[in-house]
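Undergrad: let me see the structure of the following:
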Amino acid sequence: MPNVVAQSLKRSSTDNIAVILPRINTSYYSDMTSGISWELAKHGYHLFIYEMENLHKPELEVLQMMRENMVAGVISIGMSDDMMFRDSLVYLVEWGIPVVYVNRLIPYQGYPLLYPDFMRVGELAANHLIERGKRRLALLQKPSGEDLVVHHAETFRTAVQAHGLEPPAILETAPGLVTSPECLDRLTGGEIDGVFVLNELMAAGLIKCLTQQGIRIPEDIAVLGFGNSLVGEITAPELSCVDLQNYELGVHGARLILRQIQGLSIEPVTMLEPSIVQRKST
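TA: Now for the predicted structure:
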C-alpha cells in the first residue's frame, strides 16, 4: 500500500486535500464528504478527514498538522451555526494553502464561502404546504435561540400570512423521536392541517406519534421535514422535505478547491438553492 503523504513529500508537491468537520457519524456530514470525495477522485486527489471531536486538539494545532503534511487545500464544513475555524482559517491563507468554508453563513473574510440559500427555507416550506391545500399551519422546532432557527420561523410566518392566512402556530418540543404531549395536543385538536418540522428526525418522530393516535397523513395533517436522508425514506408514510443538497454542496466545495489549486478564478460566495423533495407525507 503506497504512503501517499511520503510520495507527496518526495515530489515536493501533494495530491492530498484535507476536510475538517466536527464528526462524520451522521448523514449530514457523510453525504457532503461523499460529494467531496467523488469529485476529488475524478482528478486524482486523495481525501484526508480531520474529525474534530476525536482529535481533541486546538484549531491552530490542527492547521499546523495540515501544513506539515503539505496538503494541497482544506475544506472546512460544519453546521450553519458552528463558528469553528471561522477566524483561524486566515492562517491557511497566509501560508498559501487554498481553503473553502462550507455551509456556514458568515461575512466574506478572504476565502470562498459556499452554503445553501438559508433565506428561502421558510418560504419554500410554507408555499409547499399551501400548494398541497393546507390552510391551518404550524412550525415545530426544538427550543433554540439560534439566529437561523429564528429566521426560518419568521420567514415561514411571513410567507403564510402573504397568502392571506392566519399566522402559523410556533410549537417547541425536545429533539428526538417523541413529540411532547403539549405539541401533540395542539396538532391533534383539529386546528392544524399542515406542519413544517425544523429537523428531519423530529419529523419522523412526529409521523410515528400522529399515526399512533389515528391521525391520517397527509389527509388530516401534512408533515414536511427539514433535511433529506434515508430517515425520510423509511418513515411510513415517506417524509417530504426541504432538501439543502448536502451531496451537491460537497461536489461544489471540491470544485472550488480544485479551481484555486489550478489558479483559476473563483466566486467569493456561492449559494445553492434548496428544493422540495415530494414524498407521501404531504
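
Undergrad: in three-state terms, label C241 for me.
TA: Three states are possible here, and by DSSP: H, G, I helix; E, B strand; the rest coil the one that applies to C241 is strand.

Undergrad: so M84 touches V62, yeah?
TA: No. Counting by C-beta atoms under 8 Å, M84 sits too far from V62 to count as a contact (10.0 Å). To be clear about C-beta, it is placed using only N, CA and C from the backbone, and glycine gets the same treatment.

Undergrad: common neighbours of those two, please.
TA: Counting by C-beta atoms under 8 Å, 6 or more residues apart in numbering, the shared contacts of M84 and V62 are 20, 52.

Undergrad: now C241, nearest residue through space, not along the chain?
TA: Nearest-residue entry for C241: G225, 4.2 Å, with adjacent residues in sequence omitted and distances by C-beta to C-beta, 6 or more residues apart in numbering.

Undergrad: which residues does that neighbour contact?
TA: The neighbourhood of G225, defined by C-beta under 8 Å, 6+ apart, consists of 197, 199-200, 202-204, 232, 239-242, 281.

Undergrad: show me where this structure has its strands.
TA: Taking DSSP state E, the strands of the chain run over residues 16-21, 46-51, 73-77, 99-102, 113-116, 137-141, 169-172, 194-197, 222-226, 240-243, 269-272, 275-277.

Undergrad: now for those strands, which one comes closest to H128?
TA: Using C-beta to C-beta as the criterion, the shortest distance between H128 and those is 5.0 Å, found for strand 275-277.

Undergrad: parallel or antiparallel, list what pairs with that closest one.
TA: In the sheet containing strand 275-277, the strands it pairs with under DSSP bridges are strand 240-243 (antiparallel).

Undergrad: alpha carbons only: can I get the partner strand in CSV?
TA: The C-alpha atoms that make up strand 240-243 are tabulated as CSV, following Å, rounded to 0.1, in the frame of the first residue of the first chain:
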residue,chain,number,x,y,z
SER,A,240,-41.5,15.1,2.2
CYS,A,241,-38.7,17.5,3.0
VAL,A,242,-36.8,20.7,2.3
ASP,A,243,-33.5,19.5,0.8
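
Undergrad: and the contacts of that strand?
TA: Outside strand 240-243, the residues within contact range by C-beta under 8 Å, 6+ apart are 121, 124-125, 128, 196, 200, 203, 222-228, 232, 274-282.

Undergrad: now do that strand: distance to the chain's middle.
TA: Relative to the centre of its chain, strand 240-243 is centred 12 Å away, using C-alpha atoms, centre = their mean, to the nearest Å.

Undergrad: residues of that strand that come out buried?
TA: Neighbour-count burial for strand 240-243, with 16 or more other C-beta atoms under 10 Å as criterion, is recorded at 240-243.

Undergrad: if I look at L114, how far off is Q260?
TA: Per C-beta to C-beta, to the nearest Å, L114 is found 12 Å from Q260.

Undergrad: tell me which of those two has more neighbours.
TA: Remark: of L114 and Q260, L114 carries more neighbours, 22 against 19, as counted by other C-beta atoms under 10 Å.

Undergrad: surely V277 and G232 touch.
TA: Yes. Under the contact definition of C-beta under 8 Å, V277 touches G232, with a separation of 7.4 Å.

Undergrad: can you count the residues close to the residue found closest to D220 once you drop the neighbours it is linked to in the chain?
TA: Taking C-beta to C-beta, 6+ apart as the measure, D220 lies nearest to D193, with 6.9 Å between them; neighbours along the chain are not counted. For D193, the count of nearby residues is 19 (other C-beta under 10 Å).

Undergrad: how many neighbours does H56 have?
TA: Around H56 there are 6 other residues, counting by other C-beta under 10 Å.

Undergrad: over to it: give its phi and psi.
TA: Backbone torsions of H56, given as degrees, to the nearest 10, read phi 50, psi 50.

Undergrad: can you pull the contacts of it?
TA: Taking C-beta under 8 Å, 6+ apart, we find H56 in contact with no residue.

Undergrad: local confidence estimate at it?
TA: H56 is assigned a pLDDT of 84 by the prediction.

Undergrad: next one: the one 10 residues further on
TA: Confidence per residue is given as pLDDT, and for M66 that number is 89.

Undergrad: next, count neighbours for it.
TA: Under the criterion other C-beta under 10 Å, the count of neighbours that M66 has is 22.

Undergrad: tell me the contacts of it?
TA: Remark: with contacts taken as C-beta under 8 Å, 6+ apart, M66 is in contact with 18, 50, 74, 92, 97.
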